[in-house]
Each structure stands twice: as C-alpha cells, then as structure tokens.
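Trainee: next come a sequence and a model predicted from it.
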Amino acid sequence: MKYLIVGLGNMGAEYDNTRHNIGFAVIDHLAGEAEFEHESHGDLTKIKHKGRTLYLLKPSTYMNLSGKAVRYWVQKLKVQASNMLVIVDDINLDLGAIRLRGKGSHGGHNGLKDIEEKLQTNSYNRLRIGIGSEFGRGQQVDYVLGEWTDEERKELPDIIKASAAAVKDYTTMGLKRAMDVHNRKA
C-alpha cells in the first residue's frame, strides 16, 4: 500500500526555521537518512514503514500554490485521496497541539485553500500542527513567516516527533484510530 505524505512549507534558506515550514520539518524527520530528489514541483523521497511505502513530498511551488504540486503527485503516483495526508501549520491551535482530520475547511490557510481548489474537494486528510497565535492585529504574516522563538525551539523536537508518530500511525491504524490516539491539546 502506498501513501503520499505532503509537508507544506516554502523552499529557500530564508524560510528554513519559520513556523510556516513545520510541515517540511516533519517530512525531514520522517525521511531520516533518506535522500530527497529534486523532482517536478517538489523534493521527493520514499521510505518504508511496516510494509507501507510512504512518498514524502516537500512542494517547491511555495505555500500559496501547494495545490499544483499535490495534484501533480496524486496523479503521477496514482494515490487515492484516502491515502494522502497534508501536514500544515495552524495558528488556530495552541503551540504543540495536533489534529488529524479527514476533511474540513481550509480555515483561511492559503496552502490548504489552493489544494482544495486544485483537487476540487475538501475531503482529504490533513494533520494540523498548532503554532499558536502570539501576534497582534495585522501581524499574522510576519508571525507565520517568522522564526521560532528560543522558548518555542525548545518544544519543537517533541512536537515534530509526536507529529511524525501520528503520520506513521495514520498509515498503519487508519485515520479514525490515529485520530483517537493522537489528537491532543498542547
């Protein structure tokens, strides 16, 4: 059985340690020592986990055009929507909270909005990772594109590890059971 696991983020060194790139961080953690190949619309590698093949994708289309890469790779790999999971940052969740969902609104997230538009559905699996909302009015863009604070950086390894475990369990347990196990508050 094969899965497409997509971590949303922005390519480029200036985005490496930003809140918006938590999806890339989880993908990197899952990949471990696996080498990424620069492919059309993103960096891709594959790993094996308990008899499953996980294709790990970091789209190169930038966050707001993530749907282009997702649509391309879903079609190229012939992956069913039920076997695709998108990992994304969420300002509506406290730092460290994680939520697996099988469908839902984009919640104002431009990456999810573009995926929904390109796939013509909001019925795809997603793992939302809370990055908090410690910003003032009109400062949302600066916050999500900002680097982690020293305090946040201390919590990041545990958040990434918990998120990666949720992804692996999703592929082996299925969405419902993985939701029961992993959906938690920070």
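Mentor: Noted; the coordinates are in hand.

Trainee: for the residue sitting nearest the centre point of the chain, list each beta-bridge partner.
Mentor: The residue lying closest to the centre of the chain (C-alpha atoms, centre = their mean) is Ile87, at 1.5 Å. Under DSSP bridges, the beta-bridge partners of Ile87 are Gly7, Leu127.

Trainee: ditto for Thr45
Mentor: Leu56.

Trainee: what kind of secondary structure is the residue located most distally from the centre of the chain in?
Mentor: Most distant residue from the mean C-alpha position of the chain: Arg137, 25.8 Å away (C-alpha atoms, centre = their mean). Per DSSP: H, G, I helix; E, B strand; the rest coil, the secondary structure class of Arg137 is coil.

Trainee: ok, now Asp43?
Mentor: Per three-state DSSP, Asp43 ends up strand.

Trainee: separation between the residue farthest from the centre of the chain and Glu155?
Mentor: Separation of Arg137 from Glu155 (C-beta to C-beta, to the nearest Å) stands at 25 Å. For glycine as for every other residue, the C-beta is placed from the backbone atoms N, C-alpha and C.

Trainee: ditto for Lys2
Mentor: Plainly put, Lys2 is 32 Å away from Glu155 if you go by C-beta to C-beta.

Trainee: residues contacting Met173?
Mentor: Met173 makes contacts with Val181, as judged by C-beta atoms under 8 Å, 6 or more residues apart in numbering.

Trainee: mind checking how far it is from Gly104?
Mentor: As for Met173, its distance to Gly104 is 20 Å (criterion: C-beta to C-beta).

Trainee: same thing with Asp180?
Mentor: Asp180 is 17 Å from Gly104, where distance means C-beta to C-beta.

Trainee: the two: which is more packed in?
Mentor: Between Asp180 and Gly104, Gly104 has the larger neighbour count (other C-beta atoms under 10 Å), namely 15 against 11.

Trainee: so the closest residue to that one other than its chain neighbours, which of the three states?
Mentor: Once flanking residues are discounted, Gly104 sits nearest to Asn122: 6.2 Å by C-beta to C-beta, 6 or more residues apart in numbering. Three-state assignment for Asn122 (three-state DSSP): coil.

Trainee: so what pLDDT did Asn122 get?
Mentor: Looking at Asn122, its pLDDT reads 91.

Trainee: before we move on, what about Lys185?
Mentor: On the pLDDT scale, Lys185 gets 64.

Trainee: the residue nearest to Gly104 and Gly107 touch, don't they?
Mentor: No. Using C-beta atoms under 8 Å, Asn122 makes no contact with Gly107, being 10.3 Å away.
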